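In: Sequence first, then the predicted structure:
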Amino acid sequence: MKRLVLLIPLAIFLGVAVFLYSGLFKDPSLLPSALIGKPVPAFSLPSVQGDKTLTQADLQGQPALLNVWATWCISCRVEHPVLNKLAGQGVRIVGVNYKDDNAAALKWLQEFHNPYQLNINDAQGSLGLDLGVYGAPETYLVDRKGVIRDKYVGVIDETVWREKLAPAYQALVDEQ
């Protein structure tokens, strides 16, 4: 009986160790989203430029990358030149400036250029919360009907674009 009592903690420890060890081999950019296949949540927020109010209807009409970014996000600074390049190649990118100071966002866009066709000011983080944002940068692939088709967590660099996002984006563009 004493041996059995001693083996229970060992069994629990081994179970936890196997679970944690298996997590070392998972891709952290593949955080699941319950919103895949569902429309972008309803919102009504000002643009970063302050010239209009944007809603989920503004995302419809053509596929887009919905990119969550912020000036306080160091990774967003790394990603930004790639987004500028993609925008120059005709990729539609819609920004969600997440929990940020709007004046800082305007300064950032002036200094580093603006790849966003639309840029949503989500100062309180309400849209980010509804999207299930963990932090910036995160990017959602949205089809022409405003339905979220995929999610990528992390920096979009040339390799990520070429190997993961470009084929999915092109498939959305090619849909009739």
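Out: Thanks, I have it.

In: By mean pLDDT, which helix or strand of this protein comes out lowest?
Out: helix 2-23 (a mean of 66; mean pLDDT, DSSP states H and E).

In: how about the nearest residue to the residue sitting nearest the centre point of the chain, chain neighbours excluded?
Out: Centroid-nearest residue in the chain: E138, 2.0 Å away (criterion: C-alpha atoms, centre = their mean). Once flanking residues are discounted, E138 sits nearest to V68: 4.4 Å by C-beta to C-beta, 6 or more residues apart in numbering. C-beta here means a position set from N, CA and C on the backbone, and glycine is covered the same way.

In: contacting residues around L106?
Out: 48-49 (C-beta atoms under 8 Å, 6 or more residues apart in numbering).

In: pLDDT score for it?
Out: Per-residue pLDDT puts L106 at 98.

In: tell me the SS of it?
Out: helix (DSSP: H, G, I helix; E, B strand; the rest coil).

In: Got the confidence number for Q124?
Out: Note for Q124: predicted pLDDT of 97.

In: typed the wrong thing, it's Y134
Out: Taking Y134 on its own, its pLDDT is 89.

In: thinking again about what came up before, bridged to the residue nearest to the centre of the chain, which residues?
Out: Beta-bridge partners for E138, by DSSP bridges, are V68, V153.

In: G125 is in contact with D100, isn't it?
Out: No. Assessed by C-beta atoms under 8 Å, G125 is found out of contact with D100, at 9.4 Å.

In: quick revisit: mind checking how far the residue nearest to the centre of the chain is from A70?
Out: 11 Å (C-beta to C-beta, to the nearest Å).

In: go on, A171?
Out: Distance, A171 to A70, by C-beta to C-beta: 29 Å.

In: Those two: which is more packed in?
Out: A70 (25 against 14; other C-beta atoms under 10 Å).

In: ok, the residue lying closest to that one once chain neighbours are set aside - contacts?
Out: Once flanking residues are discounted, A70 sits nearest to D100: 4.3 Å by C-beta to C-beta, 6+ apart. Neighbouring residues of D100 by C-beta under 8 Å, 6+ apart: 70-72, 123.

In: quick one: which of these is most hemmed in?
Out: Neighbour-wise, the contacts of D100 (other C-beta under 10 Å) top out at A70, 25 neighbours.
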